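K.L.:
coordinates for the following, if possible.
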Amino acid sequence: SKSRKMTGVEASSSPRKSIVKWDSKSLSLAPSSIHDQIDEVGKQSAAAQGLVSAITSVKKMLEEKKETQTIMYVLMEKEEIVGFVKVGRRNLFLFENDGGEIAEVEPLCVLDFFVKEGHRRRGNGKLLFDAMLSKEEVQHGGAELAYDRPSSKMVNFLEKKYGLSDGKMQPNRFTVFEQFWDIRTHT
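P.N.:
You can find the predicted model right below:
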């Protein structure tokens, strides 16, 4: 696979598509055209989720504290961003199973996930999510992740593509799936 002139780290590549991994350091060196596209798909993601303002923007990623470092995997078709998944470790207090004890954990969390209209239902979301799972060394198809306010589309995607169902929304608005606790007790 051919490497492209990007300041992000190429996570995977094919002739037409590539997945580029951005963190705050590499994003600070990215060209303004990438910044503009990230801000635009962040706005599109917010609109698709019915949010008032974008939760994904270059400014927010660059202003993050070191302990809340966010990684963004961006799916490119030629020079166009067609989707992204944003992840980061967060310190969370979660209820184990059905109202059991509270556990303090620091799982990898999916903070935002979006594929542009016209690029959906072509395997792009699965390609992007699988690349993130691989690069982040997630072993259980997304079951060990926490999801920040997942939309109904995200929940349906996780059930269809990864067999994740029975998600439990926590008081902090993160959702974990039943398998989350099984994995934690066996590792």
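K.L.:
distance of residue 181 relative to residue 149?
P.N.:
20 Å (C-beta to C-beta, to the nearest Å). In this view, the C-beta of every residue, glycine as well, is placed from N, C-alpha and C.
K.L.:
which of the two has more residues huddled nearby?
P.N.:
Between residue 181 and residue 149, counted using other C-beta atoms under 10 Å, residue 181 has the larger neighbour count: 20 against 15.
K.L.:
can you pull the buried residues of the host helix or strand of the more buried one?
P.N.:
Using DSSP states H and E, residue 181 sits within helix 178-185. Of all the residues in helix 178-185, those buried under the rule 16 or more other C-beta atoms under 10 Å are 179, 180, 181.
K.L.:
my guess is the last one meets residue 101, correct?
P.N.:
In this case it means residue 181. No: Residue 181 lies out of contact with residue 101 (C-beta atoms under 8 Å); the separation is 10.8 Å.
K.L.:
thought residue 141 was touching residue 164?
P.N.:
Yes: using C-beta under 8 Å, residue 141 is in contact with residue 164, at 7.5 Å.
K.L.:
more crowded one of the two?
P.N.:
residue 164 (23 against 16).
K.L.:
the nearest residue to the more buried one once chain neighbours are set aside: neighbour count?
P.N.:
Leaving aside its chain neighbours, residue 164 sits nearest to residue 158 (4.2 Å; criterion: C-beta to C-beta, 6 or more residues apart in numbering). Residues near residue 158, counting by other C-beta under 10 Å, number 24.
K.L.:
tell me the secondary structure for residue 158?
P.N.:
Put simply, residue 158 is helix when judged by DSSP: H, G, I helix; E, B strand; the rest coil.
K.L.:
who are the contact partners of it?
P.N.:
Residues in contact with residue 158, defined by C-beta atoms under 8 Å, 6 or more residues apart in numbering, are 142, 147, 150, 164, 167, 177.
K.L.:
what is the strand ranked longest in the chain packed up against?
P.N.:
Longest strand in the chain, counting residues (DSSP state E): strand 80-89. Packed against strand 80-89, as judged by 3 or more C-beta pairs under 8 Å, 6 or more residues apart in numbering; DSSP states H and E, are the following elements: helix 32-48, strand 70-77, strand 108-115, helix 124-135.
K.L.:
adding mean neighbour count, write the ones you listed out as TSV.
P.N.:
Listed next are these as TSV, based on neighbours: other C-beta atoms under 10 Å:
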stretch	mean neighbour count
helix 32-48	17
strand 70-77	23
strand 108-115	23
helix 124-135	19
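K.L.:
and of the ones you listed, who's closest to residue 89?
P.N.:
Checking the helices and strands packed on strand 80-89 against residue 89 by C-beta to C-beta gives strand 108-115 as the closest, at 5.7 Å.
K.L.:
sorry, back to before: quick one: least confident of the contacts of residue 158?
P.N.:
Ranked by pLDDT, the contacts of residue 158 bottom out at residue 167, which has 83.
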